[in-house]
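>>> here is the input, now give the coordinates:
(chains A, B and C, ligands or ions: 2)
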Amino acid sequence: MKIPPKKGLISFVADVILWNISGGIRYQLYLCILVAFMLTGVYAYSVQFNLGLSATGMNNIVSWGLYISNFTFLVGVAAAAVMLILPAYISKDKDFYKVVIIGELVAVGALVMCLTFILVDLGGPLRVWHMMPVVGLFNWPSSILAWDVIVLNGYLALNTLVPFYILYCHYNYKPANEKRYRPFVILSIFWAFAIHLVTAFLYQGLPARPFWNNPLMGPRFLASAFAAGPALIIMILVIINAKTTFKIEKQTFNKLRLIIVISSIINLIMLFSEVFKEFYFPTHHSLPAIYLFFGLEGHNSLVPWIWSAISMNVLGTLILAFNPGKNNPKVLFPASILLFMGIWIEKGMGLIVPGLIPSPMGEIVDYSPTWVEIWVTLGILSLGIFVVTVLIRPALIIEERYSTGK
Amino acid sequence: MKRCPFQRKLSLILILSFLIFFGCKEYSEHTGGVTVTMKEATAPFDDKEIVESIPRIPKNPVLVNTRYQGGFFWTETRHDKIERFRCSNCHNNNEAPIDKAAKVAHGNIVLVHGPENKPLKCFTCHNQDERDFLNTERGTKIEMDHSYQMCGQCHFRQKRDWVGGAHGKRISYWAGKRTVMNCASCHDPHSPKFAKKWPKTYSLALSD
Amino acid sequence: MDSRENKKDLIQKRNTHQDEKLCGRREFLKGAVKAAALGGSMMMTGCGTSLTGSKEEFVLEWKEYFKGNYRLMTQEERDETVRRMERLAKLKMGADVKISSRGPRKQVLYGYAFNISRCKGYMDCVAACVKENNLDRKSKTQYIRIFEKEHGNMNVTSGNGKYFHEVPAENHFYMGVQCFHCENAPCIKACPIKATWREPDGIVVVDYNWCIGCRYCMAACPYWGRRFNWNKPEVPLKDLTRKQHYLGNRMRTKGVMEKCTFCVQRTREGKMPACAEACPTGSRVFGNLLDPKSEIRYVLKNKKVFRMKEDLGTDPKYWYFMD
Ligand code: SF4
Ligand code: SF4
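Ligands and ions are numbered 1, 2, ... in the order given. Here you go, the predicted structure:
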């Protein structure tokens, strides 16, 4: 080692910050745009904070909207890191080992977004301390939402700790001690399934809502998450590949692609099974599905969305399955975007909103988010992208330094 | 992974599944719900506990001459609701000046009661000889306060429900001395059917 | 005559209500320009009331903010918070309210029965409920919905809850729906922080100060029994019902869940709930399920009753019956 390694936590943090503010002008501009979006989001949230949730498009019938939709979807993205962790740490796959840290950091970003979405959705955000241990009161174990809070925070902790430990070791030019982090990795694998299943159970456990009260919900959540999450990681890897010196092998892309294709096909089969159940012999429990796919009594705001989502889903899957570009990033990238967006719509708005329509008393309203809601959502999404970016950039630098030994 | 990894794992799985099984069983056992709770409630509710906080509201309640499942009960008096009671003040075979009579006679009464082909008439219910009283089909004299007995002649089902509590209303308090409204408190005895009217308020049309 | 005036009044009110939209795009953009300068400081104005009010108000608010869950409070703590709230109501609205923290009575389990062959859809109950429970007049919150259904159809979702014409309409019957105070309530199970629970007398209540407004209970309720305060609830001072209960009709803040409490402030004093008292047709029967003498027990024993969506196993304490 030629350069004497700097040690210590302080210099680690300082370097991380330094690396982030010392990018090229393009990079800085990109961060500034994200910050601008975040600030707009903060403003929009302040409007909502003052007016109450009446500033959103939600009402007593559609009581969850854009926020919870995005939350649900992003939990899936967070959980999908396990698709890299599993092969990388357990079966010691070299290709995945190289990018696993990216997967974990994406999970961190997704979780930050999830928790922020929950926070902005609350009617009394100042009272969140009621949820904290000791001072608060938890409805444990009967409330699935209480479980969800615990698993989400736990997963966030796990996914921060492991990469942090590895990066910190590498920063000091030391190999990370596998014995130390391996138990956490194994835990985080189970935990990833848990956050997803628990989030699915959140909806699945409500007999009041026949659209959600469906045993396929949990497995389908997993399948769609394992398609959407790796699709996002492909997108990020393509960008990293093009914009940085960190190069990613074709082999990695191919393996990710296979994971996506398999999950996505399973997801589509389950979707078909659900659709069959709803439409072969429609009962009045099928009303939400009818509302979603065809509209009810003239209310059809979700119809164009769901059909475009399904077409995007199918198209993306087909492209990825037949792989016309032979893992060429130029083909993979748009296909992943298609699939990602398709699942986003289908598992976000397409899942949450129709679950609430018609109301248990049969009343139908349309839901459309207000500008406040949209801006807050955009703000949170850019917060997530921001977090992912500022985490990945130093991570890559550290990894590169470590592997070249400079 | 030392000596016999499988045995350990297997026993772990077994223990887990037992836990889950019994957990679920425990969880799904029903107590039978509120109907059973109701049946099993033995210690009777002490009415006095409520009475202490209750002012006796109706001023001079009338003791109903039938019992309900809880014993005696009372109903609202009719006397102070009838304008110009006692009827015998006018209906007394004395001569009345015609202008006064026109003013106080019952021209405003609309009688829509009974089957269309055989509507009720004044003296179906009112006692012709003693105007302060009502008169049953059998010719028994009934006080205005006990008019429920009149109604009960035909509407015996409703009366049964009224006595028990499925028809009519209790006045203000759900326990303590039971005082209920009289039939005529809600139904105009001359045209007992409820009128069509605009509702008091409306529900917000959420979907508009 | 009375009816016709009522009608005009109603129509007018209904129409003015149609075009109140809170946050249009235009306003939002206008606001955004203004806020460029203000930035994040706007956030603070949310807690403005406590910052700009008097010192006493601030201290009271502070104590209120850090108090615990009502269910875990001792009676002294309950009395204290009730006193603080009464004082705050005086300071903020200038209203002399009386808030009770009376507990449940022994040997009481409240139950309710609704006569679907008697109800004529007059909605006196709804109006009385709004008045008694200080429901938000701005968003027109109502706990009770009356559904107009055509004969020949008992399907719960087939009713029209927005009828606006003279009642009763030919060939229709009316069915009132509110919180059913389920014995096995999915809403209680759902709440992550025990902000909603079943009192020993069977009433399902919400601690408005503990609820964080996640609305999971709302999604869990199969009867649409819960209402959320999307905006700050407003009740004109002259219409305020001043006899209040901590768990009942005291003023809510924005962002919390509320629901029918069987008028806990009345029923625990021995009175009928406001809806049952207001009903001009006697379709509403209320009483103590544990008391074999009570009217509700008579109904359950002598009438053919049913409950809504009984298959869900929620075990509601609200029955429907016919003559
Ligand atoms: S009706 Fe709804 S709100 Fe009321 S107790 Fe039952 S589940 Fe809860
Ligand atoms: S809205 Fe309030 S009462 Fe309902 S589940 Fe959330 S915290 Fe509990």
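>>> what's the longest helix in chain C?
helix C:75-93 (DSSP state H).
>>> before we move on, what SS does C:Phe262 have?
Secondary structure, DSSP: H, G, I helix; E, B strand; the rest coil: C:Phe262 is coil.
>>> so it touches C:Tyr110, yeah?
Yes - checked against CB atoms under 8 Å, the pair C:Phe262 and C:Tyr110 is within contact range at 5.4 Å. All C-beta spots, glycine's among them, are computed from the backbone N, C-alpha and C.
>>> how close does B:Lys171 sit to B:Asn60?
For residue B:171 the amino acid is Ile, not Lys. B:Ile171 sits 13 Å away from B:Asn60, going by CB to CB, to the nearest Å.
>>> typo on my end, C:Glu64
Between C:Glu64 and B:Asn60 the computed distance is 48 Å (CB to CB).
>>> burial of A:Pro133, as a residue count?
A:Pro133 has 8 neighbours, counted by other CB atoms under 10 Å in any protein chain shown.
>>> ditto for A:Tyr291
Neighbourhood size, A:Tyr291 [other CB under 10 Å]: 24.
>>> and it, what pLDDT?
At A:Tyr291, the pLDDT value in this model is 94.
>>> next up, the contacts around the nearest residue to B:Thr66 once chain neighbours are set aside.
Spatial nearest neighbour of B:Thr66, excluding adjacent residues (CB to CB, 6 or more residues apart in numbering or on different chains): B:Val163 at 5.6 Å. Each residue near B:Val163 by CB atoms under 8 Å, 6 or more residues apart in numbering or on different chains is listed here: B:Val64, B:Thr66, B:Arg67, B:Tyr68, B:Phe73.
>>> and the third one, what does it touch?
For B:Arg67, the contacting residues are B:Phe73, B:Val163, by CB under 8 Å, 6+ apart.
>>> surely A:Arg220 and A:Ser273 touch.
No - using CB under 8 Å, A:Arg220 makes no contact with A:Ser273, being 9.0 Å away.
>>> pull the residues that contact stretch C:175-183.
Contacts for stretch C:175-183 (CB under 8 Å, 6+ apart): A:361, B:33-34, B:37, C:110, C:112, C:114, C:116, C:119, C:125, C:143-147, C:149, C:159, C:198, C:202-204, C:221, C:223-226, C:259-260, C:262, C:275, C:283-284, C:307-308, C:314-318, C:320.
>>> again but with stretch B:137-147, I slipped
Contacts to stretch B:137-147, defined as CB under 8 Å, 6+ apart, come from residues B:62, B:64-65, B:75, B:77-79, B:82, B:85, B:127, B:130, B:132-136, B:149-150, B:153, B:182-184, B:189.
>>> same question for stretch B:189-197.
Stretch B:189-197 is contacted from outside by B:109-113, B:125, B:147, B:151, B:183, B:187, C:3, C:6, C:120, C:122, C:166-168, C:280-281, using CB under 8 Å, 6+ apart.
>>> name only those of these that count as buried.
B:His113, B:Cys125, B:Ser147, B:Cys151, B:Cys183, B:His187, C:Lys120, C:Tyr122, C:Val167, C:Pro168, C:Thr281 (16 or more other CB atoms under 10 Å in any protein chain shown).
>>> ok, so of those, who is nearest chain A?
The shortest approach to chain A among the buried ones among the contacts of stretch B:189-197 belongs to C:Val167, at 18.5 Å (CB to the nearest CB).
>>> can you pull the contacts of that closest one?
Neighbouring residues of C:Val167 by CB under 8 Å, 6+ apart: B:Lys196, B:Lys197, B:Trp198, B:Pro199, C:Lys120, C:Gly121, C:Tyr122, C:Glu148, C:Tyr174.
>>> switch to 7 Å and redo it
C:Val167 makes contacts with B:Lys196, B:Pro199, C:Lys120, C:Gly121, C:Tyr122, as judged by CB atoms under 7 Å, 6 or more residues apart in numbering or on different chains.
>>> what sits closest to it if chain neighbours are left out?
Sequence neighbours aside, C:Gly121 is the residue nearest to C:Val167 in space, at 3.8 Å (criterion: CB to CB, 6+ apart).
>>> what's around residue 172, how many residues?
As the question left the chain open, I've gone with chain A. For A:Asn172, the neighbour count with other CB under 10 Å is 15.
>>> that's the other chain; I wanted chain C
With neighbours defined by other CB under 10 Å, the count for C:His172 comes to 17.
>>> contact residues of the stretch 151-300 of chain A facing chain C?
Residues of the stretch 151-300 of chain A that fall close to chain C, judged by CB under 7 Å from any CB of the partner chain: A:Leu206, A:Pro207, A:Ala208, A:Arg209, A:His284.
>>> again, only this time at 6 Å
A:Leu206, A:Pro207, A:Ala208 (CB under 6 Å from any CB of the partner chain).
>>> quick one: residues contacting the nearest residue to the last one once chain neighbours are set aside.
Leaving out its chain neighbours, the residue that sits closest to A:Ala208 by CB to CB, 6+ apart is C:Pro222, at 3.6 Å. Taking CB atoms under 6 Å, 6 or more residues apart in numbering or on different chains, we find C:Pro222 in contact with A:Ala208, A:Pro360, C:Lys309, C:Leu312.
>>> so between C:Glu64 and B:Asn60, which is more surrounded?
Set C:Glu64 next to B:Asn60 and count neighbours by other CB under 10 Å: C:Glu64 wins out with 14 against 10.
>>> and that one, how close does it get to ligand 1?
For C:Glu64, the distance to ligand 1 (CB to the nearest ligand atom, to the nearest Å) stands at 25 Å.
>>> just to revisit the earlier point, between A:Arg220 and A:Ser273, tell me which one has more neighbours.
Comparing A:Arg220 with A:Ser273 by other CB under 10 Å, the one with more neighbours is A:Arg220, at 21 against 12.
>>> for the more buried one, helix, strand, or coil?
Here A:Arg220 is helix, with the state taken from three-state DSSP.
>>> distance of the nearest residue to it once chain neighbours are set aside relative to ligand 2?
Leaving aside its sequence neighbours, A:Arg220 sits nearest to A:Met270 (CB to CB, 6+ apart; 4.5 Å). Here the criterion is CB to the nearest ligand atom. By it, A:Met270 lies 29 Å from ligand 2.
>>> tell me the pLDDT at A:Met270?
pLDDT recorded at A:Met270 is 95.
>>> hang on, it in a strand?
No - per three-state DSSP, A:Met270 lies outside any strand segment and is helix.
>>> got the CA coordinates for stretch A:138-145 in CSV?
Taking C-alpha atoms only, stretch A:138-145 is exported to CSV below (Å, rounded to 0.1, in the frame of the first residue of the first chain):
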residue,chain,number,x,y,z
PHE,A,138,-47.7,-1.0,20.5
ASN,A,139,-50.7,-3.2,19.6
TRP,A,140,-48.5,-6.2,19.5
PRO,A,141,-48.9,-8.8,18.1
SER,A,142,-52.4,-8.3,16.8
SER,A,143,-51.9,-5.3,14.6
ILE,A,144,-50.1,-6.1,11.3
LEU,A,145,-49.3,-2.4,11.0
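>>> is chain C contacted by it?
Yes - counting by CB under 6 Å from any CB, chain C is contacted by stretch A:138-145 at A:Asn139, A:Ser142, A:Ser143, A:Leu145.
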